[in-house]
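A.B. asks: For reference, the sequence and a predicted model appear below.
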Amino acid sequence: MTIKLKDGERLDDLQRNGYQIIQNPSKFCFGMDAVLLSGFAKVKPGERALDLGTGTGIIPILLRGKTSGRDFTGLEIQEESADMARRSVELNALSDSVSIVQGDIKEVASIFGAASFDVVTCNPPYMTGSHGIVNPELPKAIARHEILCSFEDVAREAAKVLRPGGRFYLVHRPFRLAEIITTLVKYKLEPKRMQLVYPYVDKEPNMVLLEACRGGRSRMTVEKPLIVYKEPGVYMDEIYDIYGY
């Protein structure tokens with residue numbers, strides 16, 4: 001299928017099932033964190049998955065290529081990003097199993113209904129208003145800083161739309177880990193699995209991947225560290241596997 005690109009847009013190859021994605025570098029492009037989350041999340045046969053703040057649809061599209069889920073939905077508040085995500089879904093002929101909805105994370109339960117998904121994923125804004133320099137370009141600022149929603153909004157709404165026993169997968173920054181776990185437990189999303197991501201074996205972790213279960217018992221497995229680079233410009237084998245190279 002041929003999809004017309006708008007000014008500033010480009011097509012990127014996802015190295016998975018021949019999929020491509022439409023992005024605009026002046027707005028926001030997906031990063032490694034989204035790809036790692038798509039490799040960490042598990043969607044079982046017949047399950048329904050929702051991605052909160054989907055941006056240009058990278059996580060639903062990758063999960064569709066990597067898992068056996070029944071259907072995948074991406075929720076995005078920014079009209080331009082949602083439009084690119086919809087056109088990427090059409091471009092990859094995935095309209096029968098992937099859908100993009102424009103809406104606010106804070107209204108997820110009213111949009112989709114309670115207990116309507118088996119899996120929720122999210123690559124949320126990492127920075128609060130007091131962290132870092134806010135990007136003056138609003139689309140990038142919204143993606144990186146808690147301008148339109150807080151992590152508490154994300155956890156609260158994820159808990160509402162997950163069925164009992166459903167799973168919530170997220171990627172975040174380790175410096176907020178204590179706050180994240182406390183917030184998850186507050187909304188009865190019990191952390192069950194955690195993996196720290198290190199850029200190099202001798203560096204501090206710069207990402208954390210988490211799986212939580214709605215209504216689960218208190219017990220968490222910490223998986224072996226995920227190291228990204230062997231040396232500058234050369235990924236570890238596990239990273240190549242996740243990307244699909």
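C.D. replies: Everything's here; your move.
A.B. asks: For the longest helix seen in the chain, what is the distance to the chain centroid?
C.D. replies: Counting residues, the longest helix found in the chain (DSSP state H) is helix 79-91. Relative to its parent chain, helix 79-91 has a centroid offset of 16 Å by C-alpha atoms, centre = their mean, to the nearest Å.
A.B. asks: try stretch 28-44
C.D. replies: 5 Å.
A.B. asks: Which residues in the longest helix of the chain does the neighbour count mark as buried?
C.D. replies: Across helix 79-91, burial judged by 16 or more other C-beta atoms under 10 Å covers 80-89, 91. C-beta here means a position set from N, CA and C on the backbone, and glycine is covered the same way.
A.B. asks: does the nearest residue to Pro205 once chain neighbours are set aside sit in a helix or strand, and which one?
C.D. replies: Among residues not flanking Pro205 along the chain, Leu196 sits closest, at 4.0 Å (C-beta to C-beta, 6 or more residues apart in numbering). Here Leu196, judged by DSSP states H and E, is contained in strand 189-198.
A.B. asks: what about Met194, distance to Pro124?
C.D. replies: 16 Å (C-beta to C-beta, to the nearest Å).
A.B. asks: I should have written Leu162 there, sorry.
C.D. replies: 16 Å.
A.B. asks: And those two? Which one has more around it.
C.D. replies: Leu162 (26 against 20; other C-beta atoms under 10 Å).
A.B. asks: quick one: low-confidence parts of the protein?
C.D. replies: Along the chain, segments meeting pLDDT under 70 span 1, 126-148, 245.
A.B. asks: Helices of this protein, residue ranges please.
C.D. replies: Going by DSSP H, the chain shows helices at 32-40, 58-66, 79-91, 108-112, 138-144, 151-161, 177-186, 237-243.
A.B. asks: out of these, deepest packed?
C.D. replies: helix 58-66 (a mean of 25; mean count of other C-beta atoms under 10 Å).
A.B. asks: now for that helix, which elements pack on it?
C.D. replies: helix 32-40, strand 48-52, strand 71-76, helix 79-91, strand 98-102 (3 or more C-beta pairs under 8 Å, 6 or more residues apart in numbering; DSSP states H and E).
A.B. asks: and Arg217, which of these is closest to it?
C.D. replies: helix 32-40 (20.9 Å; C-beta to C-beta).
A.B. asks: circling back to that earlier point, right, and the helices and strands packed on helix 58-66 - which one's nearest Lys186?
C.D. replies: strand 48-52 (17.4 Å).
A.B. asks: Partner strands of the closest one and their direction?
C.D. replies: Next to strand 48-52 in the sheet, as set by DSSP bridges, lie strand 71-76 (parallel), strand 117-122 (parallel).
A.B. asks: Figure out which of those strands is closest to Lys230.
C.D. replies: Here strand 117-122 is closest among these (C-beta to C-beta), at 27.9 Å.
A.B. asks: among the helices and strands packed on helix 58-66, which is nearest Ser150?
C.D. replies: Relative to Ser150, the nearest member of those by C-beta to C-beta is strand 48-52, separated by 12.5 Å.
A.B. asks: What is the end-to-end distance of stretch 40-57?
C.D. replies: 17 Å (C-alpha to C-alpha, to the nearest Å).
A.B. asks: Also stretch 215-222?
C.D. replies: End to end - C-alpha to C-alpha - stretch 215-222 spans 19 Å.
A.B. asks: about what we covered before: packing partners for the longest helix of the chain?
C.D. replies: Looks like helix 79-91 contacts strand 20-23, helix 58-66, strand 71-76, strand 98-102 (3+ C-beta pairs under 8 Å, 6+ apart).
A.B. asks: That one vs helix 58-66, what angle?
C.D. replies: 20 degrees (axes from the mean of the first three to the mean of the last three C-alpha atoms, to 10 degrees).
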